[in-house]
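Novice: Sequence and predicted structure, then a few things I'm wondering about:
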Amino acid sequence: MDLKKNPTGIESLDPALQGGFPSGSLVLLLGEIGAGEFEFAISSIARLLNRPKQETGTLLPNKVCYVSLTRGKDDVMKEISLSFPEFYNVIKDQVEFKDFSEAFFARSFIPINWRCSSQCELSFDSLKWSNEEENLVVALIDYLDKKAYGSIVIIDSLTVLAQHCLERIEWKDLIMFLRGLQKASKKWDGLVYVMLSEGIFEKSKQEEIQDCMDGVMVFEWDKQGSSKRQRIMYMKKFRGLLPVLDEDNIVNFETQISSQKGFEVSNIKRVRGR
């Protein structure tokens, strides 16, 4: 079977993954605050967009879509420009940005001039609910069906999507949506990254979310008492990749983040030796 892989674009990581992630994967980026899941996603897409379009045995994205549920494009791009100035122009010019924040905040007590990405004037039309605002999940499904084929999609974030849904639907329906997303990602044949903050939901719910995923990458701070703060990453789950990592005795990856190079693996920890 000819298995295609999507490279992450992280040169210090892809060789350990034997080229990248299996195409069609739904990948959860599960992170402690500040541990690097956002930086991983941004570094990955910026580097992929700078690579040659044709590489044997790998799939490069037709497009990159960044889906935000609470943050406007200007806000996200400002963070990227401050954190990774080398990536800013690549992402600004080549990433398709979809902002669902107005739909997310619809029917809430948040005033319209706070939630609008542009300067809003109060009018009768501005008080009407759009189709997106009527059902955010349906609008998200419709957007992905149109845009996700052969693409890398970043959903920022599953944390706020789950919180939004729990006010409107039952937990089992949210899990059904995630299982449907996992199935649809195979048809799209790209990569879908969803970001989830560690510790927001109770453990059983967090585990149920992880069960819907093809892969779970965990980003956290090293808790071994080192005097220097060290970020680490490991694969908690990944269909088709864990046997590869186990054969190489890989336990986890020490990571670092810099404004010039973005997210990188600085050291690979193995079961025997380093």
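Specialist: Thanks, I have the structure now. Residues are numbered from 1 along each chain as shown.

Novice: Residues contacting the longest helix anywhere in the chain, please?
Specialist: Ranked by number of residues, the top helix in the chain under DSSP state H is helix 171-188. Judged by CB atoms under 8 Å, 6 or more residues apart in numbering, the contacts made with helix 171-188 from elsewhere in the structure are 24-26, 137, 144-145, 148-151, 162, 165-166, 191-192, 205, 208-209, 212-214. Heads up, the C-betas are built off the backbone N, CA and C, glycines and all.

Novice: which among those end up buried?
Specialist: 24-26, 137, 144, 148, 150-151, 162, 165, 191-192, 208-209, 212-214 (16 or more other CB atoms under 10 Å).

Novice: Show me those residues that map onto strands.
Specialist: Using DSSP state E, 25, 26, 191, 192 are the members of these that sit in strands.

Novice: Report the contact partners of residue 9.
Specialist: Counting by CB under 8 Å, 6+ apart, residue 9 makes contact with 43, 44, 45, 46, 47, 48, 51.

Novice: are any of the residues you listed buried, and which?
Specialist: Here, 16+ other CB under 10 Å leaves 43, 44, 45, 46, 47, 48 buried among those.

Novice: give me every residue that touches the first one.
Specialist: With contacts taken as CB under 8 Å, 6+ apart, residue 43 has the following neighbours: 9, 10, 84, 87, 261, 262, 263, 264.

Novice: Narrow those residues to those in helices?
Specialist: If you go by DSSP H, these have residue 87 in helices.

Novice: ok, so of the contacts of residue 43, who is nearest residue 38?
Specialist: Proximity of these to residue 38 (CB to CB) peaks at residue 263, which lies at 9.2 Å.

Novice: is it true that that closest one touches residue 36?
Specialist: Yes: Residue 263 lies in contact with residue 36 (CB atoms under 8 Å); the separation is 6.0 Å.

Novice: ok, these two, which is more surrounded?
Specialist: Neighbour totals were compared for residue 263 and residue 36, and residue 263 leads with 28 against 23 (other CB atoms under 10 Å).
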